[in-house]
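Enquirer: output the structure for:
(one chain, ligands or ions: 1)
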Amino acid sequence: MCPPKHFTVEYAINPWMDTTVPVDAVLALKQWEILRDTLGDLGHQVHVLDAVAGLPDMVYAANGAFSVDGTVYGARFRHAERSAEADAHREFYATQGWSFAGPQHINEGEGDFAYLPAAYGGMVLAGYGFRTDPAAHAEAQEVLGRPVVSLRLVDPAFYHLDTALAALDDRNVTYYPGAFSAASQRVLAQLFPDAVHADRADAEAFGLNLVSDGRHVILNTEAMAMGDKLRAAGYLPVHVDLSELKRGGGSVKCAVAELRG
Ligand code: ARG
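Expert: Modelled structure (predicted):
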């Protein structure tokens with residue numbers, strides 16, 4: 001995770017970003033700290049990356065890389081405003097001794113990649129249409145040695161895979177079908193017949209932008225209806241208020257890069 005120390009909305013690269021509405025920096029940091037502490041209280045170790053001045057979106061740490069079984073596939077951002085973030089993440093993995101593969105193709109890390117270790121022996125789901133180049137999906141498959149299934153995102157409000165789909169545990173997902181092309185919806189229905197389906201309101205509340213440990217599912221406070229659906233499916237929703245991060249077009253998942261060692 002990376003604290004929102006320099007978080008602002010000073011450019012707009014997704015439909016959620018409104019440069020005319022100021023961000024409450026104090027509140028943003030307080031909300032982020034509660035998310036960090038919630039993860040810690042649930043027994044997770046949180047590494048914190050230093051925020052870099054001039055990189056206001058760095059709080060969305062999920063975009064910096066994608067790791068599977070100790071191998072890291074680095075990010076290469078679509079927009080120049082964020083491109084320098086990739087170096088900070090690369091340096092983190094280097095100092096921690098991870099095997100790191102630098103990308104040729106544009107991809108925004110966990111923003112567009114999800115991993116299901118127990119689905120079909122270990123499967124990567126990958127989004128494209130707005131940020132990540134589909135060529136990066138093939139590159140990720142070569143780097144990680146896991147099948148990568150490409151899914152086309154069609155709604156600009158859900159510009160990253162992690163705004164429209166999330167892993168709930170090692171084998172199952174939740175997603176909002178309307179964020180995907182008709183063909184990609186068919187692919188998801190075939191692969192995940194037991195998926196928890198979300199609706200547009202759930203996705204707009206950033207209820208799919210969640211982090212799950214397989215039992216506890218951490219999600220935005222606004223997404224109460226989504227929490228009810230998860231509880232009905234046997235999970236334990238844990239709500240945290242990330243209203244300020246939503247102004248940049250992100251929530252829980254965007255703020256957390258999961259380390260799969
Ligand atoms: N403002 C950031 C952007 O548009 C938000 C990134 C959200 N991160 C995510 N993993 N969906 O790039």
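Enquirer: quick one, helices of the chain?
Expert: When secondary structure is read from DSSP state H, the chain shows helices at 25-41, 85-95, 134-144, 182-191, 200-204, 224-232, 243-246.
Enquirer: so which of the ones you listed is nearest the ligand?
Expert: helix 243-246 (8.3 Å; CB to the nearest ligand atom). All C-beta spots, glycine's among them, are computed from the backbone N, C-alpha and C.
Enquirer: that older thread, want to throw the helices of the chain into CSV with distance to the ligand?
Expert: Listed next are the helices of the chain as CSV, based on distance: least, CB to the nearest ligand atom, whole Å:
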stretch, distance to the ligand
helix 25-41, 13
helix 85-95, 9
helix 134-144, 15
helix 182-191, 18
helix 200-204, 12
helix 224-232, 16
helix 243-246, 8
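Enquirer: between those, which one is nearest to residue 258?
Expert: Distance to residue 258, taken as CB to CB, is lowest for helix 25-41 among the helices of the chain, at 10.4 Å.
Enquirer: which bits of the protein sit near the ligand?
Expert: The chain has residues 13-14, 17, 57, 60, 62-63, 82, 111, 160, 162-163, 248-250, 254 near the ligand, with proximity defined as CB under 6 Å from any ligand atom.
Enquirer: and stretch 251-261, how far apart are its ends?
Expert: End-to-end span of stretch 251-261 (CA to CA, to the nearest Å): 24 Å.
Enquirer: so for that stretch, what gets flagged as buried?
Expert: 251, 252, 253, 254, 255, 256, 257, 258, 259 (16 or more other CB atoms under 10 Å).
Enquirer: for stretch 23-32, same thing?
Expert: For stretch 23-32, burial by neighbour count (16+ other CB under 10 Å) applies to 23, 28, 29, 31, 32.
Enquirer: which two in these are spaced the farthest apart?
Expert: 23 and 32 (12.0 Å).
Enquirer: this structure: strands as residue ranges?
Expert: For the chain, the strands defined by DSSP state E cover 65-68, 71-74, 99-101, 113-116, 123-128, 148-152, 165-167, 173-175, 196-197, 211-212, 216-220, 236-240.
Enquirer: mind checking which of the ones you listed is nearest residue 4?
Expert: Across those, closest to residue 4 is strand 236-240 (CB to CB), at 13.8 Å.
Enquirer: for the closest one, what is the average pLDDT?
Expert: Mean pLDDT, computed over strand 236-240, is 98.
Enquirer: before we move on, what about stretch 106-121?
Expert: Stretch 106-121 shows a mean pLDDT of 98 in the predicted model.
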